[in-house]
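Q: Prediction below, plus the sequence it came from.
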Amino acid sequence: MDDMNDGILRVTNHQNHPTSKFHKVFFFYIEEQADYFEGLLIEKKIWFERDSEINRGKMMYLFGIKLTNVKEVDQLNYLAIGKYRKPIFENKYLRYGVVLFGAIIIFLGVIGYFLSPVYQN
């Protein structure tokens, strides 16, 4: 499944099955995430097939899901991704700094609007 990484930025971790129009393939690169996803599928009694392969030097864990279950499996996929998601800014001071910077920019924009000649007319 070398086409799993097509494009510069892969937004989703699923695509149509390459040989069956009745299935969708979900894939993960983190084993714990894949195991958690599998546990959720088993808990919900959803049929799936699991496989793994090396893709561009990394182990990829694949799950074949029937299209009839995709809506429910999407929710489980979000749970699995969310559980093992790392924050964009792991340093809490950097996070607060970004929020503070955004608030200052908004504040300056509002002040600039009220002080501009367009507002005063």
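A: Arrived safely.

Q: Tell me where this structure has strands.
A: 14-16, 23-28, 48-55, 58-66 (DSSP state E).

Q: CA atoms only: put the last one into CSV for me.
A: Going back to what we said before, that points to strand 58-66. Extracted C-alpha coordinates of strand 58-66, given in CSV (Å, rounded to 0.1, in the frame of the first residue of the first chain):
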residue,chain,number,x,y,z
LYS,A,58,8.1,2.5,8.9
MET,A,59,5.8,-0.2,10.2
MET,A,60,2.2,0.5,9.2
TYR,A,61,-0.8,-1.2,10.8
LEU,A,62,-3.8,-1.7,8.5
PHE,A,63,-7.4,-2.3,9.3
GLY,A,64,-10.0,-3.3,6.7
ILE,A,65,-13.5,-2.2,7.6
LYS,A,66,-16.8,-2.7,5.8
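
Q: That strand pairs with which strands, and in what direction?
A: Strand pairing for strand 58-66, using DSSP bridges, gives strand 23-28 (antiparallel), strand 48-55 (antiparallel).

Q: and it, what's its mean pLDDT?
A: Mean per-residue pLDDT for strand 58-66: 95.

Q: Report the buried residues of it.
A: By neighbour count on 16 or more other C-beta atoms under 10 Å, the buried set for strand 58-66 is 60-66. Where C-beta positions appear, they are placed from N, C-alpha and C, glycine not excepted.

Q: So which residues make contact with it?
A: 1, 4, 17, 20, 22-29, 31, 34, 37-38, 41, 46-54, 73 (C-beta atoms under 8 Å, 6 or more residues apart in numbering).

Q: And it, how far out from the chain middle?
A: Distance, stretch centre to chain centre, for strand 58-66: 15 Å (C-alpha atoms, centre = their mean, to the nearest Å).
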